[in-house]
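Undergrad: Sharing a model that was predicted from the sequence below.
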Amino acid sequence: MRQTRKTHNRRGAITVEFALCFPLLLMTFFAAFEFARANMLRQTAENAAYEGARRAIIPGASADDAENFAKNMLAIVGTEGATVDVDPQVIEHSTPEVTVTVTVPLNENGFVAPLFLKDREIVATTTLAREQYEWTSTP
């Protein structure tokens, strides 16, 4: 009989504890989810910039090749509103290096982060030297 009475008296305390702890648990869960998503976006932007630059340094490649390749990599994870800039826009035989910059806006790619990080962007830049080769004919 006493055991039932103690449980009955604690029922209100359990409800109050749940009401205090559950929102903190949810906030922790959503924060972890949002940080994981932001880290994934950062890694994808860095990888897209690097792979786009690698595509552009190959002899005969164009800036459009690098841009399209980087955008395809960003599309794999569902990135919205990302921009890819290739410098220089026209890659010639004498171009010494190529720079690819990928910009991913957090406003369009987060769930909770846009409420706290308005107009923030993830920016990744990669610069690589172009591959140079000379055609020589052998007799």
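TA: Done, it's in.

Undergrad: so where do the strands sit in this structure?
TA: Using DSSP state E, the strands found in the chain span residues 83-87, 97-105, 121-129.

Undergrad: Just name the most buried of these.
TA: When you average the neighbours per residue for each of these (mean count of other C-beta atoms under 10 Å), strand 97-105 leads with a mean of 21. C-beta: built from backbone N, CA, C; applies to glycine.

Undergrad: Could you measure from the most centrally placed residue in the chain over to residue 48?
TA: Against the mean C-alpha coordinate of the chain, by C-alpha atoms, centre = their mean, the closest residue is residue 41 at 1.3 Å. Distance, residue 41 to residue 48, by C-beta to C-beta, to the nearest Å: 10 Å.

Undergrad: Quick one: the strands of the chain as TSV, columns for mean pLDDT and distance to residue 56 too.
TA: Listed next are those as TSV, based on pLDDT from 0 to 100; distance: least, C-beta to C-beta, whole Å:
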stretch	mean pLDDT	distance to residue 56
strand 83-87	91	6
strand 97-105	92	4
strand 121-129	90	8
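
Undergrad: Save those as a markdown table, and put in distance to residue 72 too.
TA: As requested, these are exported to a markdown table (distance: least, C-beta to C-beta, whole Å):
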| stretch | distance to residue 72 |
| --- | --- |
| strand 83-87 | 10 |
| strand 97-105 | 12 |
| strand 121-129 | 16 |
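
Undergrad: And the longest helix out of those in the chain, what does it pack against?
TA: Counting residues, the longest helix found in the chain (DSSP state H) is helix 2-56. Counting contacts by 3 or more C-beta pairs under 8 Å, 6 or more residues apart in numbering; DSSP states H and E, helix 2-56 is packed against helix 63-76, strand 83-87, strand 97-105, helix 113-116, strand 121-129.

Undergrad: do that again at 7 Å, thanks
TA: helix 63-76, strand 97-105, strand 121-129 (3 or more C-beta pairs under 7 Å, 6 or more residues apart in numbering; DSSP states H and E).

Undergrad: tell me the angle of it relative to strand 121-129?
TA: 30 degrees (axes from the mean of the first three to the mean of the last three C-alpha atoms, to 10 degrees).

Undergrad: so how far is helix 2-56 from its chain's centroid?
TA: In terms of C-alpha atoms, centre = their mean, to the nearest Å, the centre of helix 2-56 is set 19 Å apart from its chain centre.
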